[in-house]
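Peer 1: Based on what follows, work out the 3D shape:
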Amino acid sequence: NAEELVITFKRNMADLSKTERRRAIESVRDVIRAAMFDDAAGSAYEVECCPRCGSVAIVKKGKSRNGEQRYLCRGCGRTFGMGSERILGTSKLPRETWMAYAECFVLMLSLRECARRCRVCLKTAYTMRHRLIECLSAYSPSFKVERGCGCELDETYFPESFKGNHTKGSFAMPRPSRHRGKQVRKRGLSREQICVMTGVNDSNETFFEVSGRGVLSKKRAMDVLRGRIMSGSVVATDKASAYIDVLAELEVAAHAAYDSKDRSEGTINRINTVHSLLGAFMEPFRGVSTKHLDAYLAWFKWRRTFMATDSGTAERTVARQLANGVCRSRIRDMFNVYPPYMDYWVASVARGDKMAAPRYTRKGATMPSNIPATTIRIEPEVKKEATVILDELGLSMSTAVNAFLRALVREGGMPFEMKVKTPTSDGKR
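Peer 2: Here you go, the predicted model:
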């Protein structure tokens, strides 16, 4: 029984060396995590439709080597198994590793700490986080306000961030880089702020939608609220002008607009509380890349829905949803993702905005953003003297190097004569 198993384990552990004991503890921990995952996942998932085309015309078609049931889709003609389109079915990592990552996910540990605890590399920890977020976000409740129900709407803003390692890709910074978490230089709601529309209804359900740059416009507000706010609902917002015509077009029963500076008429405290919790959630990351902002908003929404209980219950919830959830993203799709809303920086370059100067240029000398960075070694004294001359000419070091290489290609060799001077009769060279 269980008690005899524990007594035997303690007796055997006492006979092991320190190194062997550490290995035994790790092995037993993996066995426990695998068992916890199986208990939380429950029975096998019942296949109802094809994971590729969605057709319900499926029939059983034999079994795999490990005894897993296979299926044939009459619609697209493809075969699939119980693990198709699911994380465990498309991952080589064992269940105990995913259970260990579920614990890290609930505790909101950093990627490096997740990699250390799960014994994987940093890149794998990164892909595990994003695959898990995609899988779990499908379980978050949808937001909808029916006739007679109420909600509060507001928007919050995040500084545009290009956080990440860009040395191996073709992406070039459209502006000078800044320290992580630092605010934009422009005051107020500038175009370098990313707008996120938010809402909370009577059922305490929320939504978070990234909605472009700068102050919210009527068109962007309509694109977000259409399908979420039904006619006859009661809506409370701030004094933003974009909501007036949009909510009138959606035929809401009542629209109360409150001034954020004057609380005498009323407030939208519920959505303000959500914003405060969202800010506390984002703070440990010291800035989230704009291209991944949607994923982190989905993570926060999931935590707000399923983290009301203790951490142990939340870990079992993650394991159950992980075992039965769907993740269609592939690892190759998670890297070299181009940031959104880059048309703003293209227009800035066309206007000659200095703030839009790429980081590999100087004094406004532009270079296409699709040219990857190249590192070269230059003697410090030579670089210093050359920089002084190039500054007087209004050229950057990158422009000078490119001009030299183009001349090298054009001439088919060095664009200047190279020779060793012979000594003259007086001994001078």
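
Peer 1: What residues does the residue nearest the centre of the chain make contact with?
Peer 2: By CA atoms, centre = their mean, the chain has its centre lying nearest to residue 292, at 2.6 Å. Taking CB atoms under 8 Å, 6 or more residues apart in numbering, we find residue 292 in contact with 130, 337. Bear in mind the C-beta positions are built from the backbone N, C-alpha and C, glycine included.

Peer 1: tell me the SS of it?
Peer 2: Three-state call for residue 292 (DSSP: H, G, I helix; E, B strand; the rest coil): helix.

Peer 1: So for it, what's the pLDDT?
Peer 2: Residue 292 carries a pLDDT value of 92.

Peer 1: and it, how far is that from residue 86?
Peer 2: According to CB to CB, to the nearest Å, residue 292 stands 22 Å off from residue 86.

Peer 1: Give me the secondary structure label for residue 389.
Peer 2: Here residue 389 is recorded as helix under three-state DSSP.

Peer 1: And for it, the neighbour number?
Peer 2: 10 (other CB atoms under 10 Å).

Peer 1: one step back: ok, the residue nearest to the centre of the chain to residue 189 distance?
Peer 2: 22 Å.

Peer 1: For the stretch 1-150 of the chain, which residues score under the pLDDT cut-off?
Peer 2: 1-2, 5-6, 9-10, 13, 25, 28, 32, 36-48, 66, 82-83 (pLDDT under 70).

Peer 1: Run through the strands of it in chain order.
Peer 2: Using DSSP state E, counting those that start in this stretch, the strands of the stretch 1-150 of the chain run over residues 58-63, 69-73, 79-81, 150-159.

Peer 1: Find the one among those with the highest mean neighbour count.
Peer 2: strand 150-159 (a mean of 21; mean count of other CB atoms under 10 Å).

Peer 1: closest to residue 114 out of the strands of the stretch 1-150 of the chain?
Peer 2: strand 150-159 (23.4 Å; CB to CB).

Peer 1: out of everything not next to it in sequence, what's closest to residue 110?
Peer 2: Excluding its sequence neighbours, the residue lying closest to residue 110 (CB to CB, 6 or more residues apart in numbering) is residue 284, at 7.8 Å.

Peer 1: Now for the one you found, how many residues are close by?
Peer 2: By the criterion of other CB under 10 Å, residue 284 has 9 neighbours.

Peer 1: Hmm, it is touching residue 109, no?
Peer 2: No: counting by CB atoms under 8 Å, residue 284 does not reach residue 109; the two are 9.6 Å apart.

Peer 1: where along the stretch 101-250 of the chain do the helices fall?
Peer 2: Along the stretch 101-250 of the chain, counting by DSSP state H, counting those that start in this stretch, helices occupy 111-118, 122-137, 218-225, 242-249.

Peer 1: just so I know, which of the ones you listed lies nearest residue 347?
Peer 2: Closest among these, using CB to CB: helix 218-225, at 17.7 Å.

Peer 1: Can you lay out the strands of the stretch 1-150 of the chain as a markdown table showing distance to residue 35?
Peer 2: Shown next, in a markdown table, are these (distance: least, CB to CB, whole Å):
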| stretch | distance to residue 35 |
| --- | --- |
| strand 58-63 | 24 |
| strand 69-73 | 23 |
| strand 79-81 | 23 |
| strand 150-159 | 41 |
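
Peer 1: out of these, which comes closest to residue 333?
Peer 2: Nearest to residue 333 among the strands of the stretch 1-150 of the chain is strand 79-81; the distance by CB to CB comes to 19.8 Å.

Peer 1: that older thread, nearest to residue 194 among the strands of the stretch 1-150 of the chain would be which one?
Peer 2: Comparing the strands of the stretch 1-150 of the chain by their distance to residue 194 (CB to CB), the top pick is strand 150-159, with 4.9 Å.

Peer 1: then the closest one to PDB, C-alphas only?
Peer 2: Provided in PDB are the C-alpha atoms of strand 150-159 (Å, rounded to 0.1, in the frame of the first residue of the first chain):
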ATOM      1  CA  GLY A 150     -25.100  46.300 -18.300                       C
ATOM      2  CA  CYS A 151     -21.300  46.800 -18.900                       C
ATOM      3  CA  GLU A 152     -18.500  49.300 -18.400                       C
ATOM      4  CA  LEU A 153     -16.200  50.200 -21.300                       C
ATOM      5  CA  ASP A 154     -12.900  52.000 -21.300                       C
ATOM      6  CA  GLU A 155      -9.500  51.900 -22.900                       C
ATOM      7  CA  THR A 156      -6.000  51.600 -21.600                       C
ATOM      8  CA  TYR A 157      -2.700  52.300 -23.300                       C
ATOM      9  CA  PHE A 158       0.700  50.600 -23.500                       C
ATOM     10  CA  PRO A 159       3.900  52.100 -24.900                       C
END
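
Peer 1: which helices and strands does that strand pack with?
Peer 2: Strand 150-159 makes packing contacts with strand 193-201, strand 234-237, helix 269-282 when contacts are defined by 3 or more CB pairs under 8 Å, 6 or more residues apart in numbering; DSSP states H and E.

Peer 1: ok, and what's touching it?
Peer 2: By CB under 8 Å, 6+ apart, strand 150-159 touches 145, 182-184, 189, 192-202, 211, 216, 225, 229, 233-238, 240, 243, 268, 270-272, 275, 278, 282, 287-288, 290, 293.

Peer 1: Distance check, residue 246 against residue 255.
Peer 2: For residue 246, the distance to residue 255 - CB to CB - is 10 Å.

Peer 1: Of those two, which one has the most company?
Peer 2: Counting neighbours by other CB under 10 Å for residue 246 and for residue 255 shows that residue 246 has the greater number, 27 against 17.

Peer 1: Now do the contacts for that one.
Peer 2: The neighbourhood of residue 246, defined by CB under 8 Å, 6+ apart, consists of 218, 221, 222, 225.

Peer 1: rewinding a little: and residue 297, which of the strands of the stretch 1-150 of the chain is closest to it?
Peer 2: Here strand 150-159 is closest among the strands of the stretch 1-150 of the chain (CB to CB), at 9.6 Å.

Peer 1: from the chain's centre, how far out does the closest one sit?
Peer 2: Computed by CA atoms, centre = their mean, to the nearest Å, the chain-centroid distance of strand 150-159 equals 20 Å.

Peer 1: Please apply the same query to stretch 52-67.
Peer 2: 33 Å.
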